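[1] Pasting the sequence and the predicted model now:
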Amino acid sequence: MFGNSYTPVKFERDCEAVMVPEGAEVELPAGTVGYITQSLGGTYTIYVDGRLFRLSGNDADAIGKEPPPVPELPENASDQDVEELVWEQMKTVYDPEIPINIVALGLIYECKIEKQDDGSRHVHVEMTLTAPGCGMGDFLVADVRERLLRIPTIERVDVEMVFDPPWNQHMMSEEARLETGMF
């Protein structure tokens, strides 16, 4: 998978995981042995018995890893500081099969941040998938929502899945196209 070496792991406790690409939730029992094929953005793609599974960063301890760090803002953060952190957080969400973040893949169509009277913020994101029938769509949406809700002052996140315009490889950043060989 794009030059990643596989790292062996053993599950230290029963753990929820998601089958890739179907999106079916399963429980992997303690003692299961697998290989990390991708560990980007705080989530893990693990190969077990001929199947790929996605493990949330919140369950990283099940394989002896640390959960992802909580994002921080300075006390006097400007709207620009918040917007930059929102985009940085979205860049920590990776496609479980392609080692490229969803921003570089061109899956984020729109991101609006509204500051409320009490200083809190609401974020609205429109995103798409590389393939409309992808079983991982709900999990990517949940990842975006969860990552943005970790940011101080963000109280609500709405993520809308859209398919117009349809995604194509030309929406990827130049760096992502070079990395995947999709010129």
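    Okay, I see it.
[2] Now the residue of the chain most remote from its centre. Its backbone dihedrals?
    Computed with Cα atoms, centre = their mean, the residue of the chain farthest from its C-alpha average is residue 117, at 30.1 Å. Main-chain torsions, residue 117, degrees, to the nearest 10: phi -60, psi -30.
[3] So it versus residue 153, what's the distance?
    From residue 117 across to residue 153, the span is 13 Å (Cβ to Cβ, to the nearest Å). Quick note: C-beta positions are derived from backbone N, CA and C, even for glycine.
[4] tell me the strands in the chain, going along the chain?
    Assigned by DSSP state E, the chain shows strands spanning 7-10, 15-20, 25-28, 33-40, 43-48, 51-55, 108-115, 121-127, 154-161.
[5] Show me what the second one is packed up against.
    Contact here means 3 or more Cβ pairs under 8 Å, 6 or more residues apart in numbering; DSSP states H and E; on that basis strand 15-20 packs against strand 25-28, strand 51-55.
[6] residues making contact with it?
    Around strand 15-20, the neighbours that count as contacts under Cβ atoms under 8 Å, 6 or more residues apart in numbering are 24-28, 30, 45-46, 51-56, 59, 62-63, 96-97, 135-136, 139.
[7] Kindly give a single ChimeraX line that selects the buried subset of these.
    Buried subset of the contacts of strand 15-20, written as a ChimeraX selection, criterion 16 or more other Cβ atoms under 10 Å:
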select :28,45,46,52,53,54,55,56,59,62,63,96,97,136,139
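[8] Could you list the buried residues of the lowest-mean-pLDDT helix or strand in the chain?
    Every helix and strand of the chain was ranked by mean pLDDT, DSSP states H and E. The lowest is helix 174-180, at a mean of 87. By neighbour count on 16+ other Cβ under 10 Å, the buried set for helix 174-180 is 176-177, 179-180.
[9] Now do the same contact list for the residue minimising distance to the centre of the chain.
    Residue closest to the average C-alpha location in the chain (Cα atoms, centre = their mean): residue 93, at 2.3 Å. Applying Cβ under 8 Å, 6+ apart, we find residue 93 in contact with 41, 101-102, 140, 143-144, 147.
[10] And it, what's its pLDDT?
    Predicted confidence (pLDDT) for residue 93: 95.
[11] With adjacent residues omitted, what lies nearest to residue 100?
    Of all residues not flanking residue 100 in the chain, residue 176 sits nearest, at 4.9 Å (Cβ to Cβ, 6 or more residues apart in numbering).
[12] Compute the distance between residue 168 and residue 161, please.
    Residue 168 is 17 Å from residue 161, by Cβ to Cβ.
[13] again, but for residue 105
    Taken as Cβ to Cβ, the span from residue 105 to residue 161 is 14 Å.
[14] and those two? which has more neighbours close in?
    Neighbour count, other Cβ atoms under 10 Å: between residue 105 and residue 161, residue 105 has more, with 24 against 15.
[15] Count the residues that sit near the nearest residue in space to that one that is not next to it in sequence.
    Nearest residue to residue 105, sequence neighbours excluded (Cβ to Cβ, 6+ apart): residue 172, at 5.5 Å. Using other Cβ under 10 Å, residue 172 has 21 other residues around it.
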